Structures are given as C-alpha cells and as structure tokens.
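Asker: Got a predicted structure here, sequence first:
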2 protein chains.
Amino acid sequence: MSRSPYLHDIPLDQAVSLFHDRLHSYGLFGILGIEEIPLDEHAAGRVLAEPLIARRCSPHYHASAMDGFALRSQDTQTALPSNPVSLRVETQVAFVDTGDPLPEWADAVIPIENVESLNETGDLCSPAELRSPFAIRIRASVQPWSNVRPVGEDLIVGQLILASGDRLRPVDLGAAAAGGVTQLRVSRRPRVGILPTGDELVPLQKDPIRGEISEFNSIVLAGQVTEWGGRATRYPICKDKLEALSESVLKAARENDLVLVNAGSSAGREDFTCQVLEQLGEVIVHGIAVRPGHPVIIGFVQADQGGVARYVPVIGVPGYPVSAALTAEILVKPLIKRWLGEMTLENPEIHAQLTRKITSPAGDDDYIRVILGRVNGNLLAAPIARGAGVTTSLSKADGIMVLPRMIQGMDAGDMVSVRLFRDPSILEKNILSIGSHDLTLDILAQNLALKDRRLVSSNAGSLGGLLALKRDQNHFAGSHLLDPQTGTYNTVEIQRIFPGQKMYALRWVNREQGLLIKKGNSKSIRSIQDLARQDVRMINRQRGAGTRVLLDYLLDQEGVNPEMIHGYDREEFTHLGVAVAIASGRADVGLGVYAAAEAMDLDFIYLCDEEYELIFTEQGLQDPLLAPVFDLSREPQFKEQVARLAGYNIVHMGELRTINRGNG
Amino acid sequence: MSRSPYLHDIPLDQAVSLFHDRLHSYGLFGILGIEEIPLDEHAAGRVLAEPLIARRCSPHYHASAMDGFALRSQDTQTALPSNPVSLRVETQVAFVDTGDPLPEWADAVIPIENVESLNETGDLCSPAELRSPFAIRIRASVQPWSNVRPVGEDLIVGQLILASGDRLRPVDLGAAAAGGVTQLRVSRRPRVGILPTGDELVPLQKDPIRGEISEFNSIVLAGQVTEWGGRATRYPICKDKLEALSESVLKAARENDLVLVNAGSSAGREDFTCQVLEQLGEVIVHGIAVRPGHPVIIGFVQADQGGVARYVPVIGVPGYPVSAALTAEILVKPLIKRWLGEMTLENPEIHAQLTRKITSPAGDDDYIRVILGRVNGNLLAAPIARGAGVTTSLSKADGIMVLPRMIQGMDAGDMVSVRLFRDPSILEKNILSIGSHDLTLDILAQNLALKDRRLVSSNAGSLGGLLALKRDQNHFAGSHLLDPQTGTYNTVEIQRIFPGQKMYALRWVNREQGLLIKKGNSKSIRSIQDLARQDVRMINRQRGAGTRVLLDYLLDQEGVNPEMIHGYDREEFTHLGVAVAIASGRADVGLGVYAAAEAMDLDFIYLCDEEYELIFTEQGLQDPLLAPVFDLSREPQFKEQVARLAGYNIVHMGELRTINRGNG
C-alpha cells in the first residue's frame, strides 16, 4: 500500500484557475444544454437559457381599469358641478366591468362612484332601479383615455421580459405569461453523481459499531446540489478496492456531468482516487490550501459516448463532514451556476466585531464558523468549534468568515467580514449567550424558538461570560462563581468586574454538584481526597469555569494539592463533556452537575448545591429582544420542564437581584 | 345582479387581527400536523415539528484524527530531540488511519509525518520498507489524547441538535445524521387550493381574443405557495355562476387547508365570492386598505369531514396580477409559516434614497415597487410603474417599500426602507440607468447579464436623466437633446447643467426619427404640417424627452403652433408606447424612431437623424461596475446585434467625447 501523506497544497484561486482552464478546453465552461418546458408553477427555480421576449402586448386590448361607464370624452367637455351632462345608457355610455374591453367608439371610462344614475323620468334611481339606469349624470369633464388600461401598458410585443440567466421566480412566471409566453427555454440541470467510498462506511439505517462510520455526507452533498439547481444521484457505498472504485467512478461519469468522490479522509484513500483518476484520465489538483478542506482532488475522466470523446470532471471531496460541505460550497456551487448560466450570487456579507482572538496556521485560507448577534447596536461574531469533524459547527453557524492564508490571527474587537449562511433577518432574533454552560440552556433555546427568538450560545465559562458582558459582547452570561470568603455566588465577582455599575442577576437554578464516576465505581472513589490517588485519573473543567472555581475551593478546604492530581490539567468545556470523558473511559472522575451524571448513566457523589444565574446589564434588562427570557423564567410550564432535569431546583427561578444598586 | 362597489376597507393590522382571532378559535393557529419522514436529501426544506435530540454521541468511539501511530502517551514522556524513544510496531504502537478507532490500550496518536520509521536493524526504512516499519522513533513527548477525536466531541447523546421550527438545510441533515437520527418528525405541509374564477378567463395555452384574459395568477400563486413550503393545487377555471362557484369552493375546502379564490377584479365578482362564503360559512373581512390590493375578502367555510366540524379559511384574492401576488405575500405567507411552525423571516430590509417624489392617496398602505442601485456609495431606490395590472413591475422590482396610510407622499432624496425581493448581493451588480429610453437598452441589458451585471432602467427622458446624474441618482443617462442654435446633441445641455464639471458622452447610436403612422396611412399624413389638421390626433412624448424637444424644434421650423395640435398634451413615455398607441388606434401619428415603427408594423416618414449617447460622470468612468458597458460598446459582436435593428447606425459607437475638458 503506497502512502503519500504530504499533499501538494496550492492556493484556492490557483486551483480554481487550473480547473477552469481545463473545463474551458473541454468545452465545459458554458451552459450544458437547453430544455423546453411548459410555463407553469413547476418552472419556478429554473434558469432561462435565452432572453424572454414578449409574444404579444399586455393588455392586448384597451381595457377598462374600473367598474364604470365607457364614454366618449368629448361628450363630457362641458360638464361642471353647476352644469351637469346627462348621457343615455346604451347609446352614449355602456357599463363596463374592470378588465372589460373598451367599446370601439369610446375613449374613456368614468368610475361608477362618480356618476349619478337616473331613471327614465330623469330622477335619481331608487335602489331597485340602480341595476339598470336609464341614463347617467356627470358633473365634471372626463379626460381622454382616463381609467383605461391601453394596449401595451404592461408589455409590448418584442419587449425583453427577462434576460437569460435569470432564475425564474413565481412573479417572473406571471410576467412571462402576460407576454403570451407558454413555453420556456431553460438550461438543462447539471447531473451530479455522488459516490461515497470507504470500508468503514455503513448506511445511515444501520447502527454503526466501533470503527464504523455512518455514511451521510452524500445526503448533505445531494441536498446542496439540489439547492443550487442540479440533479443529484447518490450511489451505493464503494469499498476501498482499486477496481471497484475505478468501475464505480466510470459508471458515475457516464451517467453524470460531474462526479463527487467522497473519498474518506485518509491519505491512503486519496491515493486510490488519484490512481483511479490517473488511470481513467488525469489529476490536475491534489490538495488546496483551505482549512477545513485540504485533501481535495480535482481531475477529469474520459467517459466517451457513442465514439465521441467526453470528459467528465471528478472532484475528490474530503471525508470530514465539514470539509466535504465546504468543499462543495467552494468548488461545486460555482460550477453548477456556471453550467446553468446563472449569475453566481454570493450569500450576503455583513461586517461584525470578533468576540475573541483567533489564530490559524500560516499558508491556509481558514474558514471559521461563527454565530452572530447584535448587542447594543453592535453586530458581533463569536467563533465556534473549528474541528473538521464537528458536524454541528456548520449547522449551528450563522455565517462563515475567511482568515486569509497571509494572516495568522485576529484579535478580539477586530472587524471581520462574515458571509451569512442564514437569512439576514434572523440576526435581529438572535440572543447571544456567552458564559457558563448549563443543560437548561437547551430547554431555554427550544422554548425561545416558540417565541420568535433564537438562543445562540458559546461556552466561555462563568468568568469568560462576565468579561464578555463587560465588553458588550453578549446579551447575558450564565454564571455560578463562588466567592470562597462569603460563600455567595456571582455578586463579589460582578462587583469586581463592574465597579459601581448597576447589574442584574436573574436567578435561574440551584443545582447539585458532585463527583461523576463510572457506573459501579470500580476504583472506590468516595471523596475529594481520592482525587490525589495515583490510580485515579481526573478530567477537569477549563480555567474560569465556575465548576473549576468550586473544585479549587473544595481542594483547598480539604488540603489537597492540585499538583498531586493526575489529569488536573486536562480540560473539558461542558458538564456533558466531562461526563462523556468518564463514560468513555478517558478519565475516572470529574466534578459536574447531577443531570450530567444522569444523562450519561454515571454514579454521582453529592458534594454541594450551587446557584446558577443569568447576568444582565441595565441595557439588557430594557431590551425587548430579551423580554422572552424573563417571561419564560416566570412561566410555570417552563419551570416544570427544567425541574424535570435531575438535581435541579427552581424555587428561586425568575427572581431578579440587583447588584450595585445604590451606585448606578 | 347586485353590486356593492363601495368596499369597507379596514387597515391591514385590523384585518389580520380579525383573521387571527378566528383562526385561533377554530384551533387553526398552530401547526396542522406531524409527519415522520426518512432522513435523506429530500428532507431539506421541511420544518422540524419537534426538537431534534441526539440519539448517540458523535464520534461514538475515540477516533484517530490523523494518519499515524496510536500509542500510550506515558511511553513517550522522556522523548527529546537529543534523546529519542523507539517504540515497537504492533506491541507498543499501532498504525491508524484517520477515523480508525483508537486501540483500547492507547491514549494518543502521533501523526505519521512526525516519526522516523525504522527497520529491524534499527536503521531508517528504505522507501520499500516504509510500508511495514519494524519500529518508530519519536523525538518529542506526546500529550495524552492528542490527535484523538474523543467520544462526543461533536455531539453528546441527549443534546439538542436543532430546535423545532427550524427549516432543515442540507448541513442540518448532516448534524442530525451525526446524532444517529434516521427519521425526522416534521410539520405537515399545508394544502392550498387555488380556484380561478371569471367568465373572461381562458387557459394560458389558448390565445386570448379581445375581452378574454389569460389565466395565470394561479401559476404565480401556486409558485409562491410552493416556495413558502405549502402544497398547491390549481383548480380549473370556474365560471361566474353562483352555484358553480359554491360547489367549487366547497370541493376545494374539503381537499385543502386553505382556499384562494382568485375572484377577478370586478365588484360584481366579489359579490359572488361574498355570497358563497356567507352561504357556506361567513365573511369576516371585505376590503383591506392596501394598494394595490383593496378588494380582499377573508372568510371561512364549513367543510365537515366524517361528521366532525371543520372550518377552512378562504381568501378572496383580487384579480389584478400585482394585487394577487402582493395579497398572497401579505396574508398567505405568514399563515403558511404559522402552520409549518416556522419562524416568519421577513426578506432583508435595506435603507435607500428615493430618486423621485411619490404621492399616494391617504387611507391606504401603498406598496411601491422599486429598482435599486448603488451610485457613488449611496443606495438608491427608483420607483417603477404602479398600476396593479403591470405584471412586469413585480418581476422587474428589486424590492418593495410601503408608504404607510398616514403619509401621502415622500420627496426625492428621502430615506426609505425597502424590503428586498432579490438576493442582496445583486445590488452590487445593478447598473442604474435613468434617462431617455432607447430600444438598444434591451440588447445592452441582455449582454450585460452575460457579464455578471444587471441593467435596471427607469425612463425619465433625456433631461430627467441628466438631472438625475447631477444628483448622483443613476450610473448613466441615455440622452439625445438637440440644441436648436448649434444643431448639436447633448453638449450644450450638459454644459448648462454641469458647468465646469468634466463629463463624458459615450457615443452610442445615430437613429432615424420620423412620423409613425398606422399602416396604410388612411389619413394621408405627409409632414409635420399635417399634425395641425383637425382630423388628425397625435400622441406626444413626455416633457423633457429628447424626442419632444426635437418635435418642438421641427414645429418651430415649420411654423406650426403646438396649441393647434389635437393630442399634443397626451404623453407616452417610450418610443414603443407611442407606436402602440398608433397601432391600437388611440392616435393617428407621433414622432419616434424607425425601429419602433418596424416593431409595431407602422408606416414611417423619415424626418432626420439624431445622436443618442450615454452620459457618464468622471466617477462613472472609473467605476469597475460600469466597465462592461464600455467594453460592449467596442465589441463587434454587440455592435452587430444593435445594427440589426432598423434605422440604427453604429459607426460612432464606443467613441468617448469629453465635455468641459479644460475646466475639470
């Protein structure tokens, strides 16, 4: 088995230009073909291959624009309030409904509400007579062509209705129909074959065992291709065998305009794809300096049809889910748009302020997923998890920023450009929570969704959350910071960070903290003292986390030296992270809440109760965006949902504490 | 036939609140039902009816994050560059591919590029031996859990992946699949029946004769419903008969969650819908103070199923195409979103500067369609045609602004809020042309579309275009303003409006101007003199149009008094508008270009040649956005397309004239 772990990464623009040159030379740089389809609602979303020209005028006859009476304007020239003109129905005027054709002899319409209807004796009609007046009386002259929609008011035969390359929206179909168009010439939708490969892949329906990976990248890729206007075909999983892969690629190339080989992420796997491409055609790019993404392959295979040479581009898409989706976004979307002849529209870009420092290795364009929120008028971007395997990072992200390969980092407070991955109006509904993690925030998120708000969270620990609040970088901070001197929570630290500034703590939950231990407790851990044992490996929370402050307080009380603890430096960022580390055998013990022990079926040794509060500034308290958080904290139904979590006490939930009351 | 021409218009918010109250009391204010669907690419676009919770951790086992060797970190503790550690393959380290499970005994991975591979004799492997090294040598200690993706790094069992109400995007499907979810519980798609009614309606396939109207509103409405997540059914056209309508409405109500009766636009027609609703249920709103839109009806019919009372909302949608589409946008979209349980996201709103004064009758919220463009950094909104029958106004519009019912007008230069109807990034591709109309602008629009630009045009005449340019309200102005003294075009007027400012005229076309006369010329019109004849009705261009200036010049030369001309005050805004007025018999003669005569098959009496130029400021000349306009003016292929239009001469196209050269 040959291995080539060192990829020859080239910059993205260079890769794209190599790819485009080759597409060009194979005649694959324009639309793939034209289809004629009927104009109906199913045409929405298709892209015009040719300019759309009006076949007839709209309206195609002079039409009344009102319900009223058609007349000759010259008959009304002398009409004045003091000198009304009466006109006989049927000989001089004719009733017309809106849209009715104007009689040949008429040149204007007077609306029904502007006339007096008269009966045969010249009196005003009684209600019963209104249906068929004998004459009408007019007290003002009528301008020629008033209240008439003349031929061609909307569209004139031969006029350009839509340029080619326009993606048809429902209202465009209306304009086309008004112009007498019944058949549309649209670009053929590109066919994209998606070929998952890898011995470790199993179909989604099967529960994967250790070492098996559920194959779902093909679902994401197919969804993307469809969204962009292509037709996706998912092929069965192909094993890591050279011949099998070669056969599958050739078959997919014969049946499609583009093949995506989702090649797994190992260097060995890529080699297979490269070998197959070299055998069936050529490799033109192997490795792009983009992260996540790196091991991208671009090539062409020859899949002749009926003796005619036909070259089909094949893209080897990396196996990590985030890399796969981003690679498609960067390389496949523009190609599909090009083949549809559609203007490539980038997602809207906004400018936001970075909430924390980020760094990146030099040499790669780094695609960083962020959540967004507007705090005190400032739009903020908070970076989230960056691992290529963290599927949820793409799903959670509101947008993506690119840290270009020449730049190795940016500071908190720097302005950055973010490409939105959601509707921009969602930004005004986002509540940005940065602070201590608590399981009840999931319940809050779900309930806020029903109140037209979105909770977007980033874990930074209690202290990190308060510091963010100080810098106007979040709407609120969950916090449970114990002051060892007073035994109280949050107040002392808030007074230190916000001296003299009026602040608010929305009491949320009291929760049980204790030791999380693998079910059965085979190492017989009983107390804080046992953490220092040589055979015990602990997992800690990150610096600044309230739980870590609590641990240090407890260690100090018990006289345990942290340096003696195996694993004191190993950090997780959430209670559940700690629980999972223990459940999966990475550690024997950690400090966390009871609910986390319950969730992962762990043993729990109760140590103490602690207060977890949501901290707000004065401005936050006034912000209508945040009102539903306060409302929920007082709703019995919501409190019940929280109380159902093991180890949570909600008796004080919804109470508001004011800090620095006098000095504000 | 009873007529109730006076609608009882109520403000929109009041109508919506009446509607919502009734929906609420019928239990129709939440999601309509839940469907379970498999997780695959077809789930994209569906809306989650319940929170999505992870069924398993992701990764579900500790996985290698690199191609490399799994090892016990403690075995490497003493490794230093000067003191390497050698470890035996198979007993102390094991090769792992990215994604492979970490062996039970290991707690870290070292990437393959960070080790030296040794053969059995302790030497560095030869290339042939690299495939199966005997041992590896390490020159730095390895941290526990480095290069390992621990269980739950991405998702932890029980974690909230997505809140209910989220519309699933492809990347969301990936996150759900990573969490072990294979079935999704989504809200049932609302069924919407669309029922066109009216004796004058004919199916789109039939060529309509005078008085007949092609039925296509149902296509637009069905397209909208589908886009918003509903399932649309179009019913056959129903005649204006009470029983027929009643039967059709009841059938549609039985088969759908909502019925849209596209009721034609006459007061008589509405009465039918009202009568039917009163007969089958009730009318709760008749008339909303929104324009275009007005005659909207909201009611409910009782369509019991299996003895269970079932109430189905019915909306009487006005017949004018623009009113129909806007009514759906205002009333149907929020209802569908509510029934899907989806957050209603408004299209993005932007702030722009109005290019011209607008007025509106008091009492109505006026929905005004605008085109948008950014000129010298300012975002501008130019109002376009306002008629409810002008289908193209919706198709052309980049966005919609609402003039609230309390406000009767706004001035040029006022800042307004515009809801975008297109992707925001399109704004940066829009070239805003305000000025004199010429047929070649259609050809320019189509060719710019191929160069990643959109030409959006508003006709304001030559003078209007120059004044707009003066106020930075357009990118360029088409102009053909004759100076009677010098016989030259544009220069004198530009010098008057832009004294001392360097300006540019891109020479475009010379075109033949003359009299347009109905084929056959039955009134024997021969010259300008004939315009003053009593039996001749003329149609003129608007004030400020170059063609009107030319006419006045010719009348002056011939000594004809404009006051003697029948129809001198009747104005059209385009050459084609004049041509259509003559073709359709609204007038006998008008001044226009030869190409317009050709397009509408009119007789043409040549009078003179004139120069039509595109006028730019210095900034415009530098603007990369506009570069393709200059490029095209010099491309032989483009020029040929223009030259094919009758009466056009392109010998000077692409030449650039500088005006006020010295004084800039």
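Answerer: Everything's here; your move.
Asker: Verify the contact between residue A:193 and residue A:250 for me.
Answerer: No - if you go by C-beta atoms under 8 Å, residue A:193 and residue A:250 don't touch, sitting 10.8 Å apart. In this view, the C-beta of every residue, glycine as well, is placed from N, C-alpha and C.
Asker: out of these two, which sits in the busier spot?
Answerer: residue A:193 (26 against 19; other C-beta atoms under 10 Å in any protein chain shown).
Asker: now the more buried one, what's its secondary structure?
Answerer: Secondary structure, DSSP: H, G, I helix; E, B strand; the rest coil: residue A:193 is strand.
Asker: Now stretch A:413-422: average pLDDT?
Answerer: What stretch A:413-422 shows for mean pLDDT is 91.
Asker: What residues sit buried inside that stretch?
Answerer: For stretch A:413-422, burial by neighbour count (16 or more other C-beta atoms under 10 Å in any protein chain shown) applies to A:416, A:418-422.
Asker: same question, stretch A:534-553
Answerer: Those would be A:536-542, A:544-552, for stretch A:534-553 by 16+ other C-beta under 10 Å.
Asker: Minimum pLDDT in those, which residue is that?
Answerer: Scoring those by pLDDT puts residue A:544 last, at 84.
Asker: for the stretch 151-300 of chain A, what spans make up the helices?
Answerer: A:170-178, A:217-227, A:242-255, A:267-280 (DSSP state H, counting those that start in this stretch).
Asker: Which of these sits closest to residue B:618?
Answerer: Of all the helices of the stretch 151-300 of chain A, it is helix A:170-178 that lies closest to residue B:618, at 36.6 Å by C-beta to C-beta.
Asker: Now do the closest one: distance to the chain's middle.
Answerer: 29 Å (C-alpha atoms, centre = their mean, to the nearest Å).
Asker: and it, what other elements does it pack with?
Answerer: If you count contacts as 3 or more C-beta pairs under 8 Å, 6 or more residues apart in numbering or on different chains; DSSP states H and E, helix A:170-178 packs onto strand A:160-162, helix B:217-227, helix B:321-327, helix B:391-396.
Asker: quick one: which of the ones you listed is nearest residue A:85?
Answerer: That would be helix B:321-327 among those, by C-beta to C-beta, at 32.6 Å.
Asker: ok so, going back, ok, the buried residues of stretch A:413-422 vs residue B:656, which is closest?
Answerer: Closest to residue B:656, out of all of the buried residues of stretch A:413-422 and judged by C-beta to C-beta, is residue A:419, at 37.4 Å.
Asker: Please name the bridge partners of that closest one.
Answerer: Here residue A:419 sits in beta bridges with residue A:349, residue A:400, going by DSSP bridges.
Asker: about what we covered before: quick one: closest of the helices and strands packed on helix A:170-178 to residue A:645.
Answerer: helix B:217-227 (39.9 Å).
Asker: Report all helices and strands that that closest one contacts.
Answerer: helix A:170-178, strand B:191-196, strand B:231-234, strand B:258-262, helix B:321-327.
Asker: what about the shortest one, distance to the chain center?
Answerer: To tie it back to what came earlier, the one meant is strand B:231-234. Centroid separation for strand B:231-234 versus its chain: 22 Å, with C-alpha atoms, centre = their mean.
Asker: Next, the buried residues of it.
Answerer: Neighbour-count burial for strand B:231-234 [16+ other C-beta under 10 Å]: B:232-234.
Asker: and the residue nearest the centre of chain A, which of the three is it?
Answerer: Geometric centre of chain A, nearest residue: residue A:422, 3.4 Å, by C-alpha atoms, centre = their mean. Here residue A:422 is recorded as coil under three-state DSSP.
Asker: picking that back up, so which of the helices and strands packed on helix B:217-227 is the most surrounded?
Answerer: strand B:258-262 (a mean of 29; mean count of other C-beta atoms under 10 Å in any protein chain shown).
Asker: can I get the CA coordinates of the lowest-mean-pLDDT helix or strand in chain A in PDB?
Answerer: Ranked by mean pLDDT, DSSP states H and E, the weakest helix or strand in chain A is helix A:267-280, scoring a mean of 81. C-alpha atoms of helix A:267-280 as PDB (Å, rounded to 0.1, in the frame of the first residue of the first chain):
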ATOM      1  CA  ALA A 267      -4.000   9.700   2.600                       C
ATOM      2  CA  GLY A 268      -4.400   6.000   1.600                       C
ATOM      3  CA  ARG A 269      -7.900   6.600   0.400                       C
ATOM      4  CA  GLU A 270      -6.900   9.700  -1.600                       C
ATOM      5  CA  ASP A 271      -4.300   7.700  -3.300                       C
ATOM      6  CA  PHE A 272      -7.000   5.300  -4.600                       C
ATOM      7  CA  THR A 273      -8.900   8.300  -6.000                       C
ATOM      8  CA  CYS A 274      -5.800   9.700  -7.600                       C
ATOM      9  CA  GLN A 275      -4.800   6.400  -9.000                       C
ATOM     10  CA  VAL A 276      -8.300   5.900 -10.500                       C
ATOM     11  CA  LEU A 277      -8.300   9.300 -12.000                       C
ATOM     12  CA  GLU A 278      -4.800   8.900 -13.500                       C
ATOM     13  CA  GLN A 279      -5.900   5.600 -14.900                       C
ATOM     14  CA  LEU A 280      -9.200   6.900 -16.400                       C
END
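Asker: Next, the angle from it to strand A:191-196.
Answerer: 140 degrees (axes from the mean of the first three to the mean of the last three C-alpha atoms, to 10 degrees).
Asker: Tell me which other helices or strands helix A:267-280 touches.
Answerer: Helix A:267-280 packs on helix A:242-255, strand A:281-286, strand A:297-302, strand A:311-317, going by 3+ C-beta pairs under 8 Å, 6+ apart.
Asker: That helix versus strand A:258-262: what angle between them?
Answerer: 150 degrees.
Asker: got the angle for helix A:267-280 vs strand A:311-317?
Answerer: Going by the same axes, to 10 degrees, helix A:267-280 makes 180 degrees with strand A:311-317.
Asker: Quick one: distance of helix A:267-280 to the chain centre.
Answerer: 34 Å.
Asker: Nearest to chain B, out of the helices and strands packed on helix A:267-280?
Answerer: strand A:311-317 (13.0 Å; C-beta to the nearest C-beta).
Asker: hey, C-alpha coordinates of that closest one in PDB?
Answerer: Extracted in PDB, the C-alpha atoms of strand A:311-317 (Å, rounded to 0.1, in the frame of the first residue of the first chain):
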ATOM      1  CA  TYR A 311     -14.600  14.400 -20.400                       C
ATOM      2  CA  VAL A 312     -16.200  14.500 -17.000                       C
ATOM      3  CA  PRO A 313     -14.800  16.400 -14.100                       C
ATOM      4  CA  VAL A 314     -14.400  14.400 -10.900                       C
ATOM      5  CA  ILE A 315     -13.800  16.100  -7.500                       C
ATOM      6  CA  GLY A 316     -12.400  14.100  -4.700                       C
ATOM      7  CA  VAL A 317     -14.100  15.600  -1.700                       C
END
